[in-house]
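A.B. asks: no FASTA, just this:
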């Protein structure tokens, strides 16, 4: 198994400006332009930089050449990697100024990182520390380290071994991680620490966090802005977990008819929270609509009205007449009497801290939502929910899409894909160049025929990729045909899986890849260890006990499975224990998977294919890494680029061609045909988790 110590820069300040993922991407690009003498000249930088996503749409090659000239560059001189990084920062600084500022790296959702401005909010840190102390204070392992002091770096130091973050994920979405898979010794060796962080990052993606540009090395170093950004996303998911019709059918009271219910289904949780808040404010007689959790609540007046209508018994008549500073204090006192945890201070209200205000309102909703218990309306809401299997597949595809690092965040697959834009983004990610963006309309789309045009292009590209789309038109997607949408997304995901695997296999064989190859590989891998287990197909009922997958995981990495924790899988309870352990062990190994333990227990053939392919991808990637790292530890590392841009196709073989998939031919066999040899591969390994860190992405 390969090891990787990270990219080290002698200039500590310069090192601090980049994440490890960014450094590996940049050093890979830098090394790619070395001449036959192993040197990079300053004149090589303009054509290199103009290809980077950060600058591609902002500058021409001549612009970059002019900027570098202004910095005193002599284009005939040799340049080292650190000088390249300094030039990159200078150019990015100009880009930031040109765009009018940069994003705050510790925002709750899609907390992508910047390289120039790594700021953290002390108020947010204090709030998150209080949250951790409250929810994990009694944890058998962590209680020896808690409570944390928000005034120190205790939070970041404790996060370095990965246990805290894994436990916090389980608080947000119980059962996500089988805690038997967490390494919880007092002193962890580097491998164990790395495994914990790999498990954390893959599990974070599996609950909906965006981890673009975060690698395990960044967490091991305890980089404050990255740790805080990840924690903020996890806590937000916990606080907003009930803001959907499935968990809280009473939310149907916020709408008038079925059309409005569809709109409600498509709203992200924070928008639902705003809708709920305005619903009560309107009842309370508050005239101004609240459209955000910052400027619209800074004076505390909206809070006063909201709390008065939800908990009039704790109302203080002086609140509305008080000055803003005093009103903020009275509002928080009112909330505390309602048993709401205090996520913010009066100062945070006055300053309009959006993250903390959102957390505060979410806590109020959780404690007392004030919605009707009208059984008629609730039954209507319950009828809107999907069956279990459909919901599970929707969840899987939603998380997969969000893990790709596309610009748009998906909240509800069935609603969000209906305008076609998200599907075009995904297609462009997995098959670069396939989308004609000049013929696409970006949301918000007011004209219905524009949505149809987008979806028609989606279907057209699907047919070019040899998807089975008989008698399918763009309007079927616009109409929200759930069966069709799920079928299309499955073919898209499977296309990506086989494409990634073939790219690795192409180094030595260049063969087509089918699901039969995946099945045979798994059986041969288990057989090579002397075990007799095998699967006949991905719907083999014997797979429900989980033993085969545990043996497969052990075959690719013997130390990853603790056989003392494995049951015989004879009863439903034993099968559940094995299945939950499999999911966590696979993520701990480095597989990015989105299935649930129930998918293993019920032998969901689609999900079992993704699981097996994920393990296969990881295993093949290790073989590639071990070979390349033995030759050149840095140069051979397939890199993930800045801003989540995929730059790894050259490392993985770079051969991509059209894949023919006929779902009607067989339940278990993918008929694949590769054409157009030599075109460029898309290998979406760019979620900030590297193969060297045991974190390769395998089902995207």
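C.D. replies: Done, it's in. Note that the structure is predicted; figures quoted are calculated from it, not measured. Numbers count the residues shown, from 1 in each chain.
A.B. asks: list phi and psi for the closest residue in space to residue 363 that isn't next to it in sequence.
C.D. replies: Nearest-residue entry for residue 363: residue 340, 4.7 Å, with adjacent residues in sequence omitted and distances by CB to CB, 6 or more residues apart in numbering. (C-beta placed from N, C-alpha, C; glycine too.) Dihedral angles of residue 340 (phi, psi; degrees, to the nearest 10) stand at phi -80, psi 130.
A.B. asks: which residues sit in contact with residue 340?
C.D. replies: The contact partners of residue 340, by CB atoms under 8 Å, 6 or more residues apart in numbering, come to 360, 363, 364, 367.
A.B. asks: mind redoing it with 10 Å?
C.D. replies: Applying CB atoms under 10 Å, 6 or more residues apart in numbering, one finds that residue 340 lies in contact with 307, 311, 332, 334, 360-368.
A.B. asks: mean pLDDT per helix and strand in the protein: which one sits at the bottom?
C.D. replies: One helix or strand of the chain scores below all others by mean pLDDT, DSSP states H and E: helix 375-384, with a mean of 56.
A.B. asks: other SSEs contacting the helix or strand following it?
C.D. replies: Downstream of helix 375-384, the first helix or strand assigned by DSSP states H and E is helix 388-403. Packing partners of helix 388-403 (3 or more CB pairs under 10 Å, 6 or more residues apart in numbering; DSSP states H and E): helix 190-206, helix 413-416, helix 421-430, helix 482-505, helix 597-601, helix 605-631.
A.B. asks: quick one: closest of these to residue 91.
C.D. replies: Closest approach to residue 91 among these is made by helix 421-430 (25.3 Å; CB to CB).
A.B. asks: and stretch 20-32, what's buried?
C.D. replies: In terms of neighbour count (16 or more other CB atoms under 10 Å), stretch 20-32 has its buried residues at 20-32.
A.B. asks: of these, which belong to helices?
C.D. replies: 20-32 (DSSP state H).
A.B. asks: where in the stretch 551-700 of the chain is pLDDT low?
C.D. replies: With pLDDT under 70 as the threshold, the stretch 551-700 of the chain has low-confidence stretches at 624-700.
A.B. asks: show the pLDDT at the most centrally placed residue in the chain.
C.D. replies: Nearest to the mean C-alpha position of the chain, by CA atoms, centre = their mean, lies residue 210 at 3.3 Å. Residue 210 is assigned a predicted lDDT (pLDDT) of 87.
A.B. asks: is it true that it touches residue 234?
C.D. replies: No: between residue 210 and residue 234 there is no contact under CB atoms under 10 Å: 11.4 Å.
A.B. asks: common neighbours of those two, please.
C.D. replies: Listed contacts common to residue 210 and residue 234 are residue 204; contacts here mean CB under 10 Å, 6+ apart.
A.B. asks: still on that earlier bit, where's the residue nearest to the centre of the chain, which helix or strand?
C.D. replies: When secondary structure is defined using DSSP H and E, no element contains residue 210, which sits outside every helix and strand.
A.B. asks: backbone dihedrals for it, please?
C.D. replies: Torsion angles at residue 210 (phi, psi; degrees, to the nearest 10) stand at phi -100, psi 120.
A.B. asks: can you check the one 3 residues further on too?
C.D. replies: The phi and psi values for residue 213, taken as degrees, to the nearest 10, are phi 70, psi 20.
A.B. asks: that one reaches residue 22, doesn't it?
C.D. replies: Yes: taking contacts as CB under 10 Å, residue 213 lies within contact range of residue 22: 6.3 Å.
A.B. asks: in the stretch 201-350 of the chain, which spans are helices?
C.D. replies: Assigned by DSSP state H, counting those that start in this stretch, the helices in the stretch 201-350 of the chain fall at 216-220, 224-239, 258-266, 269-284, 301-310, 324-337, 346-351.
A.B. asks: average pLDDT for the shortest one?
C.D. replies: Meaning helix 216-220. Averaging pLDDT along helix 216-220 gives 89.
A.B. asks: helices or strands up against that helix?
C.D. replies: If contacts are counted by 3+ CB pairs under 10 Å, 6+ apart, helix 216-220 sits against helix 20-32, helix 190-206, helix 224-239.
A.B. asks: as JSON lines, these with mean pLDDT and distance to residue 272 would be great.
C.D. replies: Conversion of the helices and strands packed on helix 216-220 to JSON lines gives the following (pLDDT from 0 to 100; distance: least, CB to CB, whole Å):
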{"stretch": "helix 20-32", "mean pLDDT": "82", "distance to residue 272": "33"}
{"stretch": "helix 190-206", "mean pLDDT": "95", "distance to residue 272": "22"}
{"stretch": "helix 224-239", "mean pLDDT": "93", "distance to residue 272": "12"}
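A.B. asks: residue 261: which of the ones you listed is closest?
C.D. replies: For these, distance to residue 261 was read as CB to CB. The smallest value, 23.3 Å, belongs to helix 224-239.
A.B. asks: other SSEs contacting that closest one?
C.D. replies: Judged by 3+ CB pairs under 10 Å, 6+ apart, the packing partners of helix 224-239 are helix 122-136, helix 154-158, helix 163-172, helix 190-206, helix 216-220, helix 269-284, helix 354-367.
A.B. asks: at 8 Å instead, please
C.D. replies: Where contact means 3 or more CB pairs under 8 Å, 6 or more residues apart in numbering; DSSP states H and E, helix 224-239 is packed against helix 122-136, helix 154-158, helix 163-172, helix 190-206, helix 216-220, helix 354-367.
A.B. asks: flag every buried residue along the second one.
C.D. replies: Within helix 154-158, the residues that count as buried by 16+ other CB under 10 Å are 154, 155, 156, 158.
A.B. asks: ok so, going back, so which of the ones in helices among the buried residues of stretch 20-32 is the closest to residue 169?
C.D. replies: Distances from these to residue 169 were compared by CB to CB; the smallest belongs to residue 21, at 20.2 Å.
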